[in-house]
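In: Only the shape, not the letters, is given here:
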Ligand code: CMP
């Protein structure tokens, strides 16, 4: 099944929102396959946000992402990149839809609580950037026949 990378950003940890964020993903029916806390290195944060390197906010974004530890999460599920982006909401917290993580907890463009991969191809690249193969877990979930229909998990 499809996987996606979540980075729970420094603002979320400072504001005690980690449990709330994981709770939302769990309740949706997504499978947790990787989870760890880390300080992101300069190299990895530059690589992760390389597509923003010419933007005026790049240096500030790097400083912010390294200002405290983050929590890295890999989630798995059917079309989970899209499903997670609906839960996450728009980048700018103050205009994200109510009910989304950013809509409910963020006011900022930069301090927007979580990063979520924007496509299945990028998800694979981002997961490899932050996780070694042995840090990802494959296991059966007893509730899968209640989360999906038979044809969806065939
Ligand atoms: P994220 O989903 O992690 O992807 C890129 C990040 O850059 C984004 O969330 C924000 O944290 C940050 N970002 C995007 N646009 C701006 C902006 N205009 N000013 C500051 N930070 C931004």
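Out: Thanks, I have it. Given the structure is predicted, the values throughout are model-derived calculations rather than measurements. Numbers count the residues shown, from 1 in each chain.
In: The ligand contacts on the chain?
Out: Contacts of the chain with the ligand, taken as C-beta under 6 Å from any ligand atom, map to 52, 57, 61, 91, 109, 110, 112, 115. Any C-beta I mention is one placed from the backbone N, CA and C, and that applies to glycine too.
In: Helices of the protein, residue ranges please.
Out: Assigned by DSSP state H, the helices in the chain fall at 10-14, 18-28, 42-48, 58-65, 80-88, 101-105, 120-130, 144-147.
In: Could you pick out the buried ones from the residues of the chain next to the ligand?
Out: Buried by 16 or more other C-beta atoms under 10 Å: 61, 110, 112, 115, out of the residues of the chain next to the ligand.
In: and of the helices of the chain, who's closest to residue 71?
Out: With respect to residue 71, and counting by C-beta to C-beta, the nearest of the helices of the chain is helix 18-28 at 5.9 Å.
In: picking that back up, quick check: which of the helices of the chain is nearest to residue 136?
Out: That would be helix 120-130 among those, by C-beta to C-beta, at 7.5 Å.
In: Now mean pLDDT too, for the helices of the chain, in CSV please.
Out: What follows is those, written out as CSV (pLDDT from 0 to 100):
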stretch, mean pLDDT
helix 10-14, 98
helix 18-28, 98
helix 42-48, 97
helix 58-65, 98
helix 80-88, 98
helix 101-105, 98
helix 120-130, 98
helix 144-147, 94
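In: Can you check which of these gets nearest to residue 95?
Out: Here helix 101-105 is closest among the helices of the chain (C-beta to C-beta), at 8.3 Å.
In: Counting by contacts, list what the closest one packs against.
Out: Packing partners of helix 101-105 (3 or more C-beta pairs under 8 Å, 6 or more residues apart in numbering; DSSP states H and E): helix 18-28, helix 80-88.
In: Right, I'll call it a day here.
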